[in-house]
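Visitor: just the structure for this:
(one chain, ligands or ions: 1)
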Amino acid sequence: METIQFYSGKKIPLETHRVRVVQKLYLPKVEERLKALKEAGNNLYLLKNTDIFLDMLTDSGVNAMSDNQLSAMINADDAYAGSRTFFELKDKLTELFGMEHFLPTHQGRACENILAQSLIKEGDVCPMNYHFTTTKAHIVKNGGRVVEVVKKSSVITDSTDPFKGDFDLDELENVINEVGAEHIPFVRVEAGTNLIGGQPISLGNIEEIHRICKAHGISLVLDASLLQDNLYFMKIREERCKNMSIREITKEVASYFDIIYFSARKLGFARGGGICVRTKELWDSMKEAITLYEGFLTYGGMSTKEMGAIAVGLEETMDFDIISQGPLFIEYMVNELDKRGIPVVKPAGGLGCHLDAMKFVPNIPGDQYPAAALCSALYLAGGIRTMERGTLSEDRNPDGSEHIASMELVRCALPRRVFTLSQVKYAIDRITWLWDNRDMIEGLTFTEEPKTLRFFVGRLAPVSDWQEKLVDKFKKDFPNCL
Ligand code: F0G
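Guide: The predicted structure follows:
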């Protein structure tokens, strides 16, 4: 599309879709928010959706569907085995990624389970730009180890680097030489690197990673869950992609990989997932795990309706207008907060706007979970649910000590095609109030702590009565407000 210009000269993120189905939202009173937060053990995953005004927890499984997706769901061919809809999805993936073989799964982490079980042996090492929580958990569970080779500068939140998801190529070579290629079952590339702020990797970097892996005979795996936003950034930030269509960029990206897996809760605006593989041998080696853990080979735990929606959603992902909406809204939010001096991850990435909790609440030590505390505070301030991406999202070291994360982020996810600009402005308003009252925010401590992926179901409590005090201040500052 042509970039739309405005008479005012200001850049306004403009939707190229219209909303035809809506859902009423409810903003609980601040006292109700405090009660709900306590009941949820300060873990926003444990809140009820009815206690939330703006759900910015994630972009996973909550993206808005299009009319064409809904119609594909009605048209889906229900069958336990051999569904026409499965083959439509498989054909779409083959068309876009150029890989003949597909293994369906119920979601992204199921792909990780199967890949880790099939490919990782005790003592193996998996280099990747940056880990994702579920990916790492599966690799570690199968006796492997994750080594991050993202550039050092990528974890500096305030930066102008357009591709912070890029590998440090020298570091990758060093790891391969140190560990030995025979102990590296695959190198994993995460497009739209989630935990460092949805930051993209460049096509040029992927080409180089491929060159290195090929020279050492190591397989290359793409986690394409966040590929959609990454494609957008390649097109607008990378010179060699400027004149390529999204479809052409996708094809070239895919050509460098042996395996591509994805969560269709993100890629394809739907739910489900799957693993695309280049060779029949790889497909054969994993197909039994699909029937054991997921479902038959033509649905893998997904409903045929979901598969129909993914096939259409993948085609929509090839439309630059459609995939621009998320990054443009995120860029707006990042820039507005930045103008107010509020620390955010820069440049704007995909997935959501990320607040830098280390700078927002520098008084809170790592083992009192600064980002988690800020998430709680933001829920109190505005009924907004966000996600902690920091030390709380790490499991403890084997000796029981805290694994202090290199970044403490609060992710304000913008599920695709869901929020209006006014809702984004409301979130900016409440974050600004918190920024002005940041000295009141203190830490959290665990009251119940699971061993694996503790952030999902663990329970915490504030280290003092800071939340009651914050609510009192809110009532003073917003006397007429809910
Ligand atoms: N890989 C990446 C890069 C992800 O972001 C996710 C999920 C997964 C794999 C796992 O996929 O949830 O379908 O099992 N990310 C979600 C999030 C949970 O909120 O960022 P899944």
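
Visitor: so which bits of this structure are right by the ligand?
Guide: Neighbours of the ligand within the chain, by CB under 6 Å from any ligand atom: 58, 60, 107-109, 132, 134-135, 190, 194, 223, 225-226, 263, 265, 273. C-betas here are computed from N, CA, C, even on glycine.

Visitor: now the strands for the stretch 51-200 of the chain?
Guide: 54-55, 101-105, 125-128, 145-148, 186-190 (DSSP state E, counting those that start in this stretch).

Visitor: list the contacts of residue 214.
Guide: With CB atoms under 8 Å, 6 or more residues apart in numbering as the criterion, no residue contacts residue 214.

Visitor: between the residues of the chain next to the ligand, which has the most around it?
Guide: Within the residues of the chain next to the ligand, most neighbours by other CB atoms under 10 Å means residue 273, with 31 neighbours.

Visitor: hang on, isn't that residue packed against residue 106?
Guide: Yes. Contact criterion CB atoms under 8 Å: residue 273 and residue 106 qualify, at 6.8 Å.

Visitor: what sits in contact with each of those two?
Guide: Common contacts of residue 273 and residue 106 (CB under 8 Å, 6+ apart): residue 302.

Visitor: now the residue in the stretch 201-350 of the chain that the ligand sits nearest to: phi and psi?
Guide: Here the residue of the stretch 201-350 of the chain nearest the ligand is residue 263; by CB to the nearest ligand atom that distance is 3.1 Å. Dihedral angles of residue 263 (phi, psi; degrees, to the nearest 10) stand at phi -90, psi 120.

Visitor: so in terms of bridging, what pairs with it?
Guide: Beta-bridge pairing for residue 263 (DSSP bridges): residue 273.

Visitor: residues in contact with it?
Guide: 60, 107-109, 111, 225, 273.

Visitor: could you redo the last one with a cut-off of 7 Å?
Guide: By CB atoms under 7 Å, 6 or more residues apart in numbering, the residues touching residue 263 are 60, 107-108, 225, 273.

Visitor: and for residue 463?
Guide: 368, 442-445.

Visitor: could you flag which of these are buried?
Guide: Buried members of the contacts of residue 463, counted by 16 or more other CB atoms under 10 Å: 368, 442-444.

Visitor: thinking again about what came up before, among the contacts of residue 463, which pair sits farthest apart?
Guide: 442 and 445 (10.3 Å; CB to CB).

Visitor: just the pLDDT for the closest residue to the ligand within the stretch 301-450 of the chain.
Guide: Among all residues of the stretch 301-450 of the chain, residue 387 sits closest to the ligand, at 6.4 Å; criterion: CB to the nearest ligand atom. Note on residue 387: pLDDT of 97.

Visitor: right, and it touches residue 58 too?
Guide: Yes. Between residue 387 and residue 58 there is a contact under CB atoms under 7 Å: 6.1 Å.

Visitor: what do the two both touch?
Guide: In terms of CB under 7 Å, 6+ apart, residue 387 and residue 58 are both contacted by the residues residue 413.

Visitor: residue of this protein closest to the ligand, please.
Guide: residue 108 (2.3 Å).

Visitor: residue contacts, that residue?
Guide: Residues near residue 108 by CB under 7 Å, 6+ apart: 225, 262-263, 265, 273.

Visitor: same thing but at 6 Å, please
Guide: 225, 263, 273 (CB atoms under 6 Å, 6 or more residues apart in numbering).

Visitor: try residue 25
Guide: Residues in contact with residue 25 (CB under 6 Å, 6+ apart) are residue 53.

Visitor: what about the protein, any weak spots by pLDDT?
Guide: Within the chain, the segments meeting pLDDT under 70 span 1-3, 482.

Visitor: I'd say residue 372 and residue 388 touch.
Guide: Yes. Using CB atoms under 6 Å, residue 372 is in contact with residue 388, at 4.2 Å.

Visitor: mind listing the helices for the stretch 251-400 of the chain?
Guide: Along the stretch 251-400 of the chain, counting by DSSP state H, counting those that start in this stretch, helices occupy 280-289, 304-316, 320-339, 357-360, 370-382.

Visitor: could the ones you listed go into CSV alongside mean neighbour count?
Guide: Listed next are these as CSV, based on neighbours: other CB atoms under 10 Å:
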stretch, mean neighbour count
helix 280-289, 15
helix 304-316, 25
helix 320-339, 20
helix 357-360, 21
helix 370-382, 27
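
Visitor: let's have those in a markdown table, adding distance to residue 415.
Guide: A markdown table is the format used below for the helices of the stretch 251-400 of the chain (distance: least, CB to CB, whole Å):
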| stretch | distance to residue 415 |
| --- | --- |
| helix 280-289 | 30 |
| helix 304-316 | 13 |
| helix 320-339 | 8 |
| helix 357-360 | 22 |
| helix 370-382 | 17 |
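
Visitor: contacting residues around the residue of the stretch 301-450 of the chain closest to the ligand?
Guide: 57, 411.

Visitor: which strand residues bridge it?
Guide: Beta-bridge partners, per DSSP bridges, of residue 387: residue 411.

Visitor: distance of it from residue 133?
Guide: Distance of residue 387 to residue 133, computed by CB to CB, to the nearest Å: 11 Å.

Visitor: what's the separation between residue 34 and residue 200?
Guide: 38 Å.

Visitor: so between those two, which is more surrounded?
Guide: residue 200 (28 against 19).

Visitor: how many residues are close by the nearest residue to that one once chain neighbours are set aside?
Guide: In space, and not counting its chain neighbours, residue 200 is closest to residue 233: 3.8 Å by CB to CB, 6 or more residues apart in numbering. Residues lying near residue 233 (other CB under 10 Å) number 26.
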